[in-house]
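> Return atomic coordinates for the entry below.
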Amino acid sequence: MKILLSHLALDALLPDIAKVMGSLPFECVSFEHAVSSGRRDFDVAFVSRDVTGLSTKHELAPSLQACYKVLDESPNLRWVHIHSAGADREIYVRLNAKGVEIATSSGANAEVVAQTALAGLLALSRKFPELVHAMHAKKWAPLLGSQLPPDLKGQTALLVGWGPIAQRVAQFLSVLGLRLKVVRQKLPAQHEVKLGAGSSQPEMLTFETIDQALPSTDWVILMCPLTDTTRGLINAQRLNLLPPGAGLVNVARGEVVVEKDLIDALQNGALGSAYLDVFEHEPLAQTSPLWSLPNVIVTPHSAGFSAGNEARVSQMFLDNLAKWALEAKKAVLQSDASRL
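Residues are numbered from 1 along each chain as shown. As a prediction, this is how the structure comes out:
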């Protein structure tokens, strides 16, 4: 088995890979060597965070383009493990269409993203964007009178998605006393998550009924994958269904929101505030009004960044590699048995 991974990952993981592979013959080759040598005979690839670097899925550094070219041109490639939770980059869509299995690292950064989503909601609810703008203007502007923030307890949050991130956010918000509604593909036979003693289970909805939930929603929190169903889900029509002062948190994908409609809603008061970690095009253009709107927090697609992610993602890769190795061993045994 020929395994493709970055030079950094190779240095860090080679002893673990050898342990996983056991008696099976294998060779590890770095992306850097594959690019320079022209080798394309790989069976497995691990795309760790350092391979992607500062590139976004819209703007690729030449080094990342070269790595993707190796993946595209490897005819024996059967499985690619990626560091991200989503597999909507064009390269992975292409590989998957050719029969290559794409394994994501969904869940590796779920706790971190959930904490970030919570931090964004809390910052908006306490009007931190306005306070920070006042701070930069050296203006003493206490939140009094009409500026008093409403209590979070008793408000309603609509969680779009029900993966590991959303389930953790639901636990956080339940502790804070918010009412929860969840939008997901299909209604379950029973709830998968217990939110704690004294907490009521969230109301489960489907995407077909999301419009009915929006007029009573104080917070929309987007934590869903990008699919045909979710692309452009939050548009002008749905933003206008929200009550005055409602807030939006997006830690999903930028394309889930129609960005022009979002900007209009934030500027005309149809939407009270927004925390945005993802955008239709990344990096966000310097000319975007989102940078300077006083009711917006913008972060550079970094909601899931944390020092512990590398180890969690690497372990996921090793666990999957162990499954592949087991299947390979079975194939060898069956081949040996057939020759007896």
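
> Look up how far residue 91 lies from residue 33.
Distance check for residue 33 against residue 91: by Cβ to Cβ, to the nearest Å, it reads 20 Å. Using the backbone N, CA and C atoms, a C-beta is placed for each residue, glycine as well.

> Over to residue 60?
9 Å.

> What ranges does the stretch 1-150 of the chain have for its helices?
For the stretch 1-150 of the chain, the helices defined by DSSP state H, counting those that start in this stretch cover 7-21, 31-37, 49-52, 62-72, 90-97, 110-125, 128-136.

> can you pull the buried residues of stretch 232-249?
233-234, 238-239, 241-242, 246-249 (16 or more other Cβ atoms under 10 Å).

> Of the residues you listed, which is the nearest to residue 117?
Ranked by distance to residue 117 (Cβ to Cβ), the buried residues of stretch 232-249 are led by residue 249 at 5.4 Å.

> Narrow the buried residues of stretch 232-249 to those in strands?
247-249 (DSSP state E).

> Now do stretch 3-13: everything it contacts.
Residues from elsewhere that reach stretch 3-13, judged by Cβ atoms under 8 Å, 6 or more residues apart in numbering: 17, 26-34, 42-46, 48, 50-51, 70-71, 74, 314, 317-318, 321.

> Show me the strands in the stretch 101-250 of the chain, by range?
101-103, 156-160, 179-184, 203-206, 219-222, 247-250 (DSSP state E, counting those that start in this stretch).

> For residue 125, find the nearest of those.
Going by Cβ to Cβ, the one of the strands of the stretch 101-250 of the chain nearest residue 125 is strand 247-250, 7.1 Å.

> What are the buried residues along the helix or strand just after that closest one?
Using DSSP states H and E, the helix or strand that directly follows strand 247-250 along the chain is helix 259-268. Residues of helix 259-268 classed as buried by neighbour count (16+ other Cβ under 10 Å): 259, 261-266.

> which stretches of the protein have low pLDDT?
190-200, 332-340 (pLDDT under 70).

> how does it divide into domains?
2-107+306-339, 110-298 (automatic domain parsing).

> Can you tell me which of the helices of the stretch 1-150 of the chain is most buried?
helix 110-125 (a mean of 21; mean count of other Cβ atoms under 10 Å).

> For stretch 86-93, give me every contacting residue.
Residues contacting stretch 86-93 (Cβ under 8 Å, 6+ apart): 57, 68, 71-72, 80, 82, 96, 102, 104, 225-226, 253.

> In JSON lines, list those residues along with distance to residue 295.
What follows is the contacts of stretch 86-93, written out as JSON lines (distance: Cβ to Cβ, whole Å):
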{"residue": "57", "distance to residue 295": "27"}
{"residue": "68", "distance to residue 295": "38"}
{"residue": "71", "distance to residue 295": "42"}
{"residue": "72", "distance to residue 295": "43"}
{"residue": "80", "distance to residue 295": "40"}
{"residue": "82", "distance to residue 295": "35"}
{"residue": "96", "distance to residue 295": "39"}
{"residue": "102", "distance to residue 295": "38"}
{"residue": "104", "distance to residue 295": "33"}
{"residue": "225", "distance to residue 295": "27"}
{"residue": "226", "distance to residue 295": "25"}
{"residue": "253", "distance to residue 295": "22"}
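
> Between those residues, which sits nearest residue 169?
residue 225 (15.4 Å).

> what about the residue nearest to that closest one when sequence neighbours are not counted, distance to residue 226?
In space, and not counting its chain neighbours, residue 225 is closest to residue 86: 5.7 Å by Cβ to Cβ, 6 or more residues apart in numbering. Between residue 86 and residue 226 the distance is 7 Å, computed by Cβ to Cβ.
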